[in-house]
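*Asks:* predicted model follows, preceded by the sequence.
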Amino acid sequence: MSEVHIHKHEVKSKNLFFSILLNVIITIAQVVGGIISGSLALISDALHNFSDVLSLVFSLIAHKLSRKKASIDYTFGYKRAELIAAFVNASTLVIVALFLIYGAIGRFLNPHPIQSGLVIWLALLGIIVNGLSVILLQKDAQHNINMKSAYLHLLTDMMASVAVLIGGLLMKFYGWFWVDSVMTIAIAIYLIVVGVKLLITSTKMLMLFTPEHIDIKEIVREVHKIPGVNKLHHIHVWHLNDEELHLEAHLDCSADIKMSEFNTLLHEVEQILFQKFHINHINIQPEFRKEDPKDFIVQD
């Protein structure tokens with residue numbers, strides 16, 4: 001397998017660790033405050049924060065595992081651990097959201113008086129804590145799906161705290177206690193939207209689906225322009241993780257060339273695939289008039 005070395009963004013696990021500490025503090029504060037004030041929105045936000053703490057811990061463990069070196073028993077190392085973390089985190093977003101909707105409907109049908117002052121102050125605390133956590137992970141989230149899943153958890157927490165704050169103000173000045181349930185449902189719907197999107201993305205990666213930005217037919221057209229290439233076939237393209245895009249294929253040569261000549265041909269293929277498609281791990285099986293299926297995609 002050939003590998004084109006690229007500059008990799010170094011994800012900082014200490015930012016994730018600080019975010020975990022901040023979320024533990026806000027979770028405890030919101031649980032206590034929600035029980036005292038009687039606010040379901042505050043308790044639901046605390047539940048969401050607690051799920052975030054678990055998700056952030058899972059993300060941190062997955063991040064540490066992904067950095068472990070490959071071995072004879074684990075030839076890829078644990079590089080796909082972060083994809084599993086992203087999948088689990090996305091799933092918890094959706095599950096928590098469904099529980100919140102169930103509870104909010106019951107509270108909407110039977111609204112209770114709520115101590116809005118405590119709700120307002122804890123919502124402000126949630127905005128500050130989650131906002132700081134979002135800033136800490138924002139850069140890493142642009143380069144890593146595991147960090148993106150953690151970032152989305154925190155971003156939705158901040159949005160939820162804003163919604164709780166608005167609800168607290170409306171309850172304080174207008175006595176609209178039903179707003180607590182409405183805000184809870186709004187938070188839950190947003191959780192489902194972002195959770196499902198991340199769930200689909202992580203599932204596609206885990207299933208080794210062809211990345212959405214990759215056009216296999218375009219890859220074939222570009223490789224076939226190289227002198228000495230007869231046909232590229234039996235193609236697989238997949239993400240090992242966020243940083244590594246793999247391709248394996250059979251390459252039927254137009255002439256019975258020496259291995260040294262094939263090395264030169266392979267180098268040209270590697271450069272085309274990396275420069276135009278950002279594929280940095282390539283495994284090519286050389287062939288010359290071999291009797292096998294020549295379709296682009298072959299069922300193994």
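*Replies:* The structure has been received and is ready for your questions.
*Asks:* contacts, neighbours, all on C-alpha from now
*Replies:* Will do.
*Asks:* tell me the SS of residue 250?
*Replies:* Three-state call for residue 250 (DSSP: H, G, I helix; E, B strand; the rest coil): strand.
*Asks:* quick check, residue 136 in a strand?
*Replies:* No - counting by three-state DSSP, residue 136 is not part of a strand but helix.
*Asks:* quick one: it and residue 194, what's the gap?
*Replies:* Look at residue 136 and residue 194: by CA to CA, to the nearest Å, they are 20 Å apart.
*Asks:* number of residues surrounding residue 143?
*Replies:* The number of residues packed near residue 143 is 16, by other CA atoms under 10 Å.
*Asks:* where does it fall, phi/psi-wise?
*Replies:* Backbone torsions of residue 143, given as degrees, to the nearest 10, read phi -120, psi -10.
*Asks:* quick one: residue 273 and residue 221 touch, right?
*Replies:* No - Residue 273 lies out of contact with residue 221 (CA atoms under 8 Å); the separation is 11.3 Å.
*Asks:* of these two, who's got more company?
*Replies:* residue 273 (21 against 12).
*Asks:* which residues does that one contact?
*Replies:* 219, 279, 280 (CA atoms under 8 Å, 6 or more residues apart in numbering).
*Asks:* now do the SS call for it.
*Replies:* Classified using three-state DSSP, residue 273 is helix.
*Asks:* where's it relative to residue 151, distance?
*Replies:* Distance from residue 273 to residue 151, by CA to CA: 31 Å.
*Asks:* also residue 33?
*Replies:* Relative to residue 151, and taking CA to CA, residue 33 is found at 25 Å.
*Asks:* between those two, which is the more surrounded one?
*Replies:* Each of residue 33 and residue 151 has its neighbours counted (other CA under 10 Å); residue 151 has more, 27 against 20.
*Asks:* ok, the more buried one touching residue 134?
*Replies:* Yes - Residue 151 lies in contact with residue 134 (CA under 8 Å); the separation is 6.1 Å.
*Asks:* now do the same contact list for the most centrally placed residue in the chain.
*Replies:* Nearest to the mean C-alpha position of the chain, counting by CA atoms, centre = their mean, stands residue 145 at 3.3 Å. With contact set as CA under 8 Å, 6+ apart, residue 145 has these partners: 82, 83, 86, 202, 242.
*Asks:* what are the buried residues along whichever helix or strand the second one is part of?
*Replies:* Here residue 83 sits within helix 81-109, counting by DSSP states H and E. Of all the residues in helix 81-109, those buried under the rule 16 or more other CA atoms under 10 Å are 81-94, 96-98, 100-101, 103-104, 107-108.
*Asks:* and residue 46, how many neighbours?
*Replies:* The number of residues packed near residue 46 is 27, by other CA under 10 Å.
*Asks:* please report the distance of it from residue 135.
*Replies:* Noted for residue 46: a distance of 20 Å to residue 135, by CA to CA.
*Asks:* again, but for residue 143
*Replies:* On the measure of CA to CA, residue 143 and residue 135 end up 15 Å apart.
*Asks:* just residue 150 next, same as before
*Replies:* Distance of residue 150 to residue 135, given as CA to CA: 12 Å.
*Asks:* for residue 186, same thing?
*Replies:* The gap separating residue 186 from residue 135 is 24 Å, by CA to CA.
*Asks:* so what does residue 237 look like in phi/psi?
*Replies:* Torsion angles, degrees, to the nearest 10, at residue 237: phi -130, psi 130.
*Asks:* let me redo that: residue 285
*Replies:* phi -100, psi 110.
*Asks:* any idea what the nearest residue to it once chain neighbours are set aside is bridged to?
*Replies:* Of all residues not flanking residue 285 in the chain, residue 250 sits nearest, at 4.6 Å (CA to CA, 6 or more residues apart in numbering). Beta-bridge partners of residue 250, counted by DSSP bridges, are residue 233, residue 285.
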